[in-house]
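Student: Build me a structure from this.
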Amino acid sequence: MTVRTFALNTTAALGVAMLATPAMSLDLRGWNIHVEDYPVSIAMEAFVEEVEEKTGGEITGKVFHNGVLGDQPDAIEQVRLGVIDFGEFSLGPMGQSVPEANVVSLPFIFSSVPKMYELMDGEVGAAIGEGMKAKGIMPLGWYTAGARSFYTASQPIAAPEDVQGLKIRVMSNDLFVDMVESMGGNATPMAFGEVYQSIKTGVVDGAENNPPSYESTAHHEVAKYLSLTEHLIIPECLCMSLKTWEKLTPEQQDVVMEAGRNSTEMQRQLWEERVAASLDTVRSAGGEITEVADKAPFQEAMAPVYEGFLEENPDLTELVEMIRNAE
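Tutor: Numbers count the residues shown, from 1 in each chain. The predicted structure follows:
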């Protein structure tokens, strides 16, 4: 046998061996900040179960709930580095690593939760997803945290002028401070755990959050006026480390992506059921819920917020306009 023939035969044999190599087995670690019975947690567990079943046990995993693997910003960085394989994150803190994600923290940028679903499942989600992949994060599905609305102790908020003079607790984010102040209110960042007592004692007049958080923390006991302004609709992401993703075979990637879509549908449904139950609890406890059908005046009041944001982030103008102009 000549050297050339031996080399060709060896190369062919190696090629056959590579084709015959079984798919890599992986045991994945997942990060989650929520308790085990939360809609996010249930959907994440379903994701892991589906992946394990459809890969025949080649890929297994465990979801670590209650933030035991670290706080959210640290966990996002660990997913980027491949230390944590997958996680479920709000796009709010994701913006520290992925500039495109900051867009969804703009107040009133989504007209409704269904519109958010439509856009995140389409070209807006694709654009944000490309930004995430460039930073080492592969999106698998866009979960929901619902819509945040204002609640107050003294009066409902049906129009921007109703915010004037009110002290409103907000998360520690300049965008949210600017949102309240653009309507003449006094934004007061503080820890979430201090809100109940602060409303009760008059330190603040109200706060803002989604209905399950409003109800489960008993804030409705001290601030009975819930106004469904839905001013912040910040999606969340079930996502995987790109380093982990690239270890998977194409077939395994297909399974993981399909399981991500299925878990997204489950999480959204569970969330809507949770919101409905919370609103029923609030009504039964004597809370007054105000529907805000026309959000245009609120959106118009946000002009200074958008101007400031786009001055600092001119490269995100196209993405902002894509969302705002969606029909």
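Student: Near L175, how many residues? Count them for me, please.
Tutor: Other residues near L175 come to 20 when the count uses other C-beta atoms under 10 Å. C-beta: built from backbone N, CA, C; applies to glycine.
Student: isn't it right up against F309?
Tutor: Yes. Using C-beta atoms under 8 Å as the test, L175 is close enough to F309 to be in contact (6.9 Å).
Student: Name the residues contacting each of these two.
Tutor: Residues touching both L175 and F309 (C-beta atoms under 8 Å, 6 or more residues apart in numbering): L106.
Student: Quick one: residues contacting G206.
Tutor: When the contact criterion is C-beta under 8 Å, 6+ apart, the partners of G206 are 150-154, 166-169, 199, 223, 225.
Student: Apply 6 Å and report the result again.
Tutor: Listed by C-beta atoms under 6 Å, 6 or more residues apart in numbering, the contact partners of G206 are 151-152, 168, 223.
Student: ok, what's across the strand from it?
Tutor: Counting by DSSP bridges, G206 is bridged to T152, I168.
Student: pLDDT at it, what is it?
Tutor: Confidence at G206, expressed as pLDDT, is 98.
Student: Can you give me the separation between it and Q78?
Tutor: 36 Å (C-beta to C-beta, to the nearest Å).
Student: want to throw the contacts of G206 into JSON lines with pLDDT and distance to V282?
Tutor: Formatted as JSON lines, the contacts of G206 follow (pLDDT from 0 to 100; distance: C-beta to C-beta, whole Å):
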{"residue": "Y151", "pLDDT": "98", "distance to V282": "9"}
{"residue": "T152", "pLDDT": "98", "distance to V282": "14"}
{"residue": "I168", "pLDDT": "98", "distance to V282": "19"}
{"residue": "A223", "pLDDT": "98", "distance to V282": "10"}
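Student: L279 versus the nearest residue to S25 once chain neighbours are set aside, what's the distance?
Tutor: In space, and not counting its chain neighbours, S25 is closest to E58: 5.1 Å by C-beta to C-beta, 6 or more residues apart in numbering. Distance of E58 to L279, computed by C-beta to C-beta: 43 Å.
Student: next one: H231
Tutor: Counting by C-beta to C-beta, the gap from H231 to L279 is 17 Å.
Student: just P107 next, same as before
Tutor: Distance from P107 to L279, counting by C-beta to C-beta: 22 Å.
Student: so where do the helices sit in the chain?
Tutor: Using DSSP state H, the helices of the chain run over residues 3-20, 39-54, 72-81, 91-94, 113-120, 123-134, 174-181, 195-200, 211-216, 242-245, 250-284, 296-301, 303-312, 317-324.
Student: List the contacts of I168.
Tutor: Neighbour list for I168: 180, 185, 187, 206 [criterion: C-beta under 6 Å, 6+ apart].
Student: Let me know the pLDDT of the first one.
Tutor: It refers to V180. At V180, the model reports a pLDDT of 97.
Student: Who are the contact partners of it?
Tutor: Going by C-beta under 6 Å, 6+ apart, the list of residues near V180 reads 168, 170, 187.
Student: And the closest residue to Y225 other than its chain neighbours, how far from I289?
Tutor: Among residues not flanking Y225 along the chain, P156 sits closest, at 4.5 Å (C-beta to C-beta, 6+ apart). Distance from P156 to I289, counting by C-beta to C-beta: 9 Å.
Student: Next, count neighbours for V292.
Tutor: The burial count for V292: 18, using other C-beta under 10 Å.
Student: That should have said E130, apologies.
Tutor: Neighbours of E130 (other C-beta under 10 Å): 12.
Student: Out of the helices of the chain, which is the most enclosed?
Tutor: Comparing those by mean neighbour count (mean count of other C-beta atoms under 10 Å), helix 91-94 ranks first with a mean of 23.
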